[in-house]
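J.: okay, sequence plus prediction incoming.
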Amino acid sequence: MTDFQSFTIRSAVAADIPLLVELRLAQMQSMGRHDAAQLADLAAASEAYFRAHLPDGSYRAWLAEVDGVTVACGGLVIRQSPPTYQNLTGREGYIMGMYTRPEFRRRGLATAMMHTILDHLRSEGIQRATLRASYEGRPLYEKLGFEQTSEMRLKL
């Protein structure tokens, strides 16, 4: 539970794209990525992505606000793959871009954000969600029932 008098979580809209870009860069910087040129490239690419995919719903984002100030965000892409043994629809939610400004962490905002995203997935009939967890975020996701998988990656 949060220790705030009030907070809201709302869906992001096109007017929020500059804020989504700002929070994405803050997330990258919190993970030790500080190269100014790369951050500028990421900002431009993120803005283009959000402008293309937020309005059509292929990317969804939510913002948490405390006293009218945006302090956290979370995003979702719904992937469509061929059906699998454990997922006959092939639809899966990929949760990304979870970020809370440092001074607002450990107060329940990320938990509330995750419940909002998971409720949205359930309302869409999607039964599987995946994400990449930072070391700091892992306890939250495990508490919500996420499990480590055998996924592997190759950088091409």
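T.: Cool, got the structure. Residues are numbered from 1 along each chain as shown.

J.: if I look at the nearest residue to residue 14 once chain neighbours are set aside, how far off is residue 143?
T.: Distance criterion CB to CB, 6 or more residues apart in numbering; nearest residue to residue 14, sequence neighbours excluded, is residue 55 at 5.6 Å. For the C-beta atoms, the positions are set from N, CA and C on the backbone; glycine is no exception. Separation of residue 55 from residue 143 (CB to CB, to the nearest Å) stands at 33 Å.

J.: cool, and residue 135?
T.: Counting by CB to CB - residue 135 and residue 143 are separated by 15 Å.

J.: more crowded one of these two?
T.: Between residue 135 and residue 143, counted using other CB atoms under 10 Å, residue 143 has the larger neighbour count: 10 against 7.

J.: hang on, the earlier thing: tell me the secondary structure at the residue nearest to residue 14.
T.: Here residue 55 is coil, with the state taken from DSSP: H, G, I helix; E, B strand; the rest coil.

J.: same deal with residue 76?
T.: The three-state assignment at residue 76 reads strand, by three-state DSSP.

J.: show me what it is bridged to.
T.: residue 60, residue 95 (DSSP bridges).

J.: related to what we said a few turns ago, count of residues packed around the residue nearest to residue 14?
T.: Residue 55 sits with 12 neighbouring residues when counted by other CB under 10 Å.

J.: this structure: helices as residue ranges?
T.: Taking DSSP state H as the criterion, the chain carries its helices at 17-30, 36-53, 109-123, 138-143.

J.: residue 11: which of the ones you listed is closest?
T.: Evaluated over these, closeness to residue 11 peaks at helix 109-123, with 9.0 Å, by CB to CB.

J.: got the helices of the chain as a markdown table, with mean pLDDT and distance to residue 93 columns?
T.: Shown next, in a markdown table, are these (pLDDT from 0 to 100; distance: least, CB to CB, whole Å):
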| stretch | mean pLDDT | distance to residue 93 |
| --- | --- | --- |
| helix 17-30 | 97 | 18 |
| helix 36-53 | 98 | 15 |
| helix 109-123 | 97 | 4 |
| helix 138-143 | 96 | 13 |
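
J.: please name the nearest non-neighbouring residue to residue 64.
T.: Leaving aside its sequence neighbours, residue 64 sits nearest to residue 72 (CB to CB, 6+ apart; 3.8 Å).
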